[in-house]
Each structure stands twice: as C-alpha cells, then as structure tokens.
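Asker: Provided below are the primary sequence and the corresponding predicted coordinates.
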Amino acid sequence: MVNTMLTLALPKGKLGDDALQLLAKAGFPVEGMAAESRQLVFSFPAEGMRYIICRPTDVPTYVEHGAADLGIVGKDTLAEAGADVFELVDLGFGYCRFVVAAPRYRWEEAGRSLETLLAGSRRVATKFPRVAAAFFQEKGLPVEIIKLHGNIELAPLVGLADLIVDIVSTGRTLKENDLVEVAAIFPSTARLIANRVSYRINYQRLRPVIEALKAAAQGGAGIAICT
Ligand SMILES: Nc1ncnc2c1ncn2[C@@H]1O[C@H](COP(=O)(O)OP(=O)(O)OP(=O)(O)O)[C@@H](O)[C@H]1O
Ligand SMILES: O=P(O)(O)OC[C@H]1O[C@H](OP(=O)(O)OP(=O)(O)O)[C@H](O)[C@@H]1O
C-alpha cells in the first residue's frame with residue numbers, strides 16, 4: 001500500500017477504449033471501468049493509481065494545473081491547447097491528421113491552388129483555431145478564423161466559411177459532404193503527457209508508470225510496477 005496515489009487523466013470518447021486497453025496491457029488495474037460508466041474517479045489504492053475521466057479537450061488543463069500527474073490526449077488536442085506540459089510518449093493509437101479542406105467545386109474552380117482559392121475567400125471554420133492560424137500564418141496567407149465546436153464540415157456547405165481545418169481519419173466525412181483535402185497540416189496520435197512539476201518531484205514514482213505504458217504502446221511486455 002502506498003500513501004500517495006498518482007493521478008492519470010483519461011479521455012472519454014474515441015480514445016477511451018484504447019487508453020483502457022493500453023493500461024490493462026501495461027499491467028495497471030482497470031476493473032469496473034466500462035466505457036458506459038458515468039463514474040468520473042476510479043481509485044486503486046493498492047496499486048497507488050487513480051484515474052480521472054475527462055472530456056478530451058480538458059485533459060491538458062487537468063495535467064497543466066497539477067490536478068493530474070499524467071494524462072492521455074490526442075496530439076491534435078494538445079497542439080490546440082498549447083498547455084505547458086511535458087509530452088512524454090507517442091502511444092501510437094488514435095491516428096488521424098489535420099487537413100485543410102474545401103468544397104470540391106471551389107477547389108476545381110481555383111485550379112487546385114490554395115492561393116487562388118484564398119484570393120476570393122478567406123473564412124476558415126475550425127474547432128482548432130490555434131493550429132489553423134499557425135498553418136496559414138506560416139504560409140503567409142491571411143485568413144479569418146471562425147471557431148466552431150463540431151460538425152465542421154457543415155460550415156462550407158451553408159456559406160458560413162470557405163475552407164475548413166479539421167481532423168480526418170477515414171476520409172468518409174469529407175467524401176460524404178463533397179469536400180476535398182487541399183492541404184495536409186500534420187498527423188496526430190495519442191500522447192502521454194505529464195505535469196512539469198510532478199514529473200520532477202515525483203520522478204521515482206512516475207518513471208515505472210511511464211516506462212510500462214511506453215513498453216505496452218510499443219508492443220512490449222511492459223514493466224511490472226512497484227507499489
Ligand atoms: N474520426 C476520428 N478517427 C480517429 N481518431 C479521432 C477521430 N476523431 C477524433 N479522433 C481522436 O480522438 C480524440 C478524441 O475525439 P472525441 O471525438 O472523442 O472527442 P472530442 O469531441 O474531440 O473532444 P471534446 O468532447 O472534449 O470536445 C481526438 O482529439 C483525436 O485525437
Ligand atoms: O475521416 P472520418 O473518419 O470521417 O473522421 C473525421 C471526422 O471525425 C471527427 O468528428 P467527430 O466524429 O469527432 O465529430 P465532431 O465533428 O462533432 O467533433 C472530425 O471532426 C471529422 O468530422
């Protein structure tokens with residue numbers, strides 16, 4: 001029995017199942033943590049582990065402020081949050097990628113040139129304004145960013161925006177809405193992150209947890225945790 005528990009912030013939603021599978025594979029307790037559970041805190045005192053279930057976009061906040069020592073979050077969300085945390089391990093699952101997309105006919109009309117497309121239309125709808133702004137700034141292309149919270153593909157279909165910046169996985173949502181990718185930004189997978197202060201102060205406690213998750217993510221057998 002350990003006195004202090006390490007707190008790991010877990011995302012509910014699309015990354016939730018893979019995160020739980022990774023924990024189990026790494027030898028950490030996951031009993032009773034069914035995806036449909038409404039319980040938000042799971043404590044396993046014997047193993048010195050506590051999990052908190054967060055909205056994915058809130059994981060960096062819990063970790064940055066020290067309410068969690070560690071967290072699992074998509075690189076997309078992490079990049080957008082700009083949180084002051086350590087990014088420790090690429091966990092490999094949750095692959096998707098950021099793209100710029102436009103209605104197919106607009107893209108064809110613009111001769112498949114982003115510069116031409118943006119010459120007459122500059123409104124970009126996205127759930128990721130920081131990532132979108134950085135991309136267009138780096139290209140030297142001025143745009144007006146419109147922040148949305150979901151179903152981003154709808155915006156250019158009804159005249160709210162000309163382009164979107166969003167994540168794509170299978171490409172099905174773009175296809176079914178007659179949108180096409182016009183530029184790639186960067187890929188995303190789930191990451192293990194740590195609170196900066198906790199990482200330094202609790203390093204001896206965190207290290208085996210980090211190593212076990214890293215080994216499990218890489219397909220290894222994992223390292224037994226000492227409790
Ligand atoms: N279509 C997808 N395919 C694969 N991975 C995805 C897909 N969409 C999102 N992801 C990954 O899963 C993470 C969580 O997505 P999810 O849809 O569960 O939550 P969210 O709605 O983005 O978060 P929040 O509820 O906090 O706004 C994303 O940050 C991304 O890393
Ligand atoms: O390429 P695909 O496999 O079709 O996946 C891409 C879709 O997945 C995400 O949306 P999500 O389902 O999270 O809903 P949201 O747009 O409401 O956030 C993303 O925003 C795209 O809409």
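Answerer: Arrived safely, thanks for sending. Ligands and ions are numbered 1, 2, ... in the order given.
Asker: name the residues of stretch 160-179 that come out as buried.
Answerer: For stretch 160-179, the buried set under the neighbour-count rule, 16 or more other Cβ atoms under 10 Å, comprises Ala161, Asp162, Leu163, Ile164, Val165, Asp166, Ile167, Val168, Thr173, Leu174, Asn177, Leu179. C-beta here means a position set from N, CA and C on the backbone, and glycine is covered the same way.
Asker: check stretch 11-20 too.
Answerer: Result for stretch 11-20 [16+ other Cβ under 10 Å]: buried residues Pro11, Lys12, Leu15, Gly16, Asp18, Ala19, Leu20.
Asker: what about the longest strand along the chain, near ligand 2?
Answerer: Determined from DSSP state E, the single longest strand within the chain is strand 179-188. No. Between strand 179-188 and ligand 2, judged by Cβ under 6 Å from any ligand atom, nothing touches; the nearest distance is 10.0 Å.
Asker: strand partners of that strand, parallel vs antiparallel please.
Answerer: strand 96-103 (antiparallel) (DSSP bridges).
Asker: any part of the partner strand near ligand 1?
Answerer: Yes. Applying Cβ under 6 Å from any ligand atom, one finds strand 96-103 touching ligand 1 at Cys96.
Asker: could I get the average pLDDT for that strand?
Answerer: Across strand 96-103, the average pLDDT comes to 98.
Asker: check stretch 193-211 too.
Answerer: 97.
Asker: now swap in stretch 175-185 and tell me
Answerer: Here the average pLDDT along stretch 175-185 is 98.
Asker: and that stretch, how far out from the chain's middle?
Answerer: Relative to the chain's own centre, stretch 175-185 is displaced by 20 Å; criterion: Cα atoms, centre = their mean, to the nearest Å.
Asker: and what of stretch 48-66?
Answerer: 13 Å.
Asker: then stretch 89-106?
Answerer: The mean C-alpha position of stretch 89-106 is separated from the chain mean by 12 Å, Cα atoms, centre = their mean.
Asker: likewise stretch 174-190?
Answerer: 15 Å.
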